[in-house]
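Chemist: Need coordinates for the below:
(one chain, ligands or ions: 1)
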Amino acid sequence: MRTVLVTGSNRGIGLALVHQLAAQGDVVFATCRDPEGATELRSLAHRYPEQVHMVSLDVTDAASIQRAFQIIARMTPALDWLINNAGVLIEGETLATLDFDKMAYAFDVNTFGPFRVVQRFLPLLRGSKQPLICQMTSIMGSISLTEGTGYYSYRGSKAALNMMSKVLAAELRPLGIPVVLMHPGWVRTRMGGPEAPLRPEDSARGILRVLSTVTLRDTGRFLTWEGKELPW
Ligand SMILES: NC(=O)c1ccc[n+]([C@@H]2O[C@H](COP(=O)([O-])OP(=O)(O)OC[C@H]3O[C@@H](n4cnc5c(N)ncnc54)[C@H](OP(=O)(O)O)[C@@H]3O)[C@@H](O)[C@H]2O)c1
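Modeler: Residues are numbered from 1 along each chain as shown. You can find the predicted model right below:
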């Protein structure tokens with residue numbers, strides 16, 4: 001049994017992760033921006049009342065992260081896994097149409113958000129005997145695999161997340177906390193769209209299988225949901 005925090009868990013891959021973690025007996029702090037409106041997550045919390053705890057958390061808002069920390073720290077002395085899953089993708093970007101406010105927002109959610117959450121929850125991760133940080137990134141954050149145009153904000157913010165997480169991995173290695181970058185595949189969610197080949201539940205199953213094998217030897221690796229290594 002593990003205790004796991006998932007961000008952005010009201011839909012998509014995050015929701016599928018919460019479902020599978022609860023079904024396998026883990027305790028999940030299922031965080032999202034709007035618990036009131038999170039109907040699917042709410043029904044999971046009813047189905048697994050001992051395991052799924054809904055907590056409000058917006059990764060761009062330090063005060064909301066602090067409130068979530070206070071709630072969770074009262075419920076558990078330790079957190080085993082932190083899955084930084086929340087993310088946004090800005091569509092339709094070209095050089096001519098770049099909107100720097102939107103770009104800043106993408107970096108705020110995709111890059112700074114995971115770091116705000118790690119910074120605040122580190123004391124609970126340090127209390128775990130089997131800690132792990134999973135940063136949900138994307139193959140679109142791989143510079144060497146990038147071809148074609150568009151998605152400046154998404155690609156840039158995920159590449160920055162990759163770089164910063166590599167540094168984080170080195171900083172947390174002496175504490176025994178592995179950090180991995182995870183590409184979940186191309187998944188049929190609001191972000192991935194209806195053409196995506198993978199169902200969220202299949203991506204989530206693969207992600208959890210990979211994470212369960214991660215040790216400190218794997219820290220700083222960029223992996224897919226199938227456990228394959230991706231180039232930076
Ligand atoms: N789907 C794919 O093909 C794919 C491929 C590669 C990587 N990924 C990555 O996988 C992760 C999950 O993606 P998904 O496909 O499940 O996307 P999704 O269906 O669009 O879900 C995104 C989640 O992030 C949450 N979120 C957005 N901004 C937030 C904030 N400021 N604070 C807290 N939560 C916030 C959303 O909450 P709201 O409902 O409140 O907006 C939602 O729960 C993302 O990091 C994404 O970049 C996805």
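
Chemist: use CA for all of it now, contacts and neighbours both
Modeler: Noted.

Chemist: Do me a favour and average the pLDDT over the longest helix along the chain.
Modeler: Counting residues, the longest helix found in the chain (DSSP state H) is helix 152-172. Helix 152-172 carries an average pLDDT of 98.

Chemist: Give me the distance between residue 184 and the ligand.
Modeler: To the ligand, residue 184 is 5 Å away according to CA to the nearest ligand atom, to the nearest Å.

Chemist: who's in contact with that residue?
Modeler: By CA atoms under 8 Å, 6 or more residues apart in numbering, the contact set of residue 184 is 136, 137, 138, 203, 204, 207, 224, 225.

Chemist: in the protein, which spans are helices?
Modeler: 12-23, 39-47, 62-75, 100-107, 113-126, 152-172, 200-211.

Chemist: Can you get me a residue count around the spatially closest residue to residue 132 that is not a sequence neighbour?
Modeler: Once flanking residues are discounted, residue 132 sits nearest to residue 81: 4.8 Å by CA to CA, 6 or more residues apart in numbering. Residue 81: 23 surrounding residues under other CA atoms under 10 Å.

Chemist: quick one, what contacts residue 81?
Modeler: Residue 81 neighbours (CA under 8 Å, 6+ apart): 2, 3, 4, 5, 125, 130, 131, 132, 133, 134.

Chemist: distance of it from residue 105?
Modeler: 26 Å (CA to CA, to the nearest Å).

Chemist: and what of residue 115?
Modeler: With CA to CA as the criterion, residue 115 and residue 105 are 15 Å apart.

Chemist: how about the residues of the chain near the ligand?
Modeler: 7-14, 32-34, 57-60, 85-88, 109, 136-138, 183-192 (CA under 6 Å from any ligand atom).

Chemist: hang on, isn't residue 158 packed against residue 135?
Modeler: No: using CA atoms under 8 Å as the test, residue 158 is too far from residue 135 to be in contact (9.8 Å).

Chemist: okay, residue 217: pLDDT?
Modeler: 98.

Chemist: give the contact list for it.
Modeler: Shown in contact with residue 217 (CA under 8 Å, 6+ apart): residue 178.

Chemist: go again using 10 Å as the cut-off
Modeler: 173, 176, 178 (CA atoms under 10 Å, 6 or more residues apart in numbering).

Chemist: And those residues, which of them are buried?
Modeler: 176, 178 (16 or more other CA atoms under 10 Å).

Chemist: Let's have the contacts of residue 217 in TSV, adding distance to residue 23.
Modeler: Conversion of those to TSV gives the following (distance: CA to CA, whole Å):
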residue	distance to residue 23
173	31
176	28
178	24
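
Chemist: rewinding a little: just give me the closest of the contacts of residue 184 to the ligand.
Modeler: Using CA to the nearest ligand atom, residue 138 is the member of these that lies nearest the ligand, at 4.1 Å.
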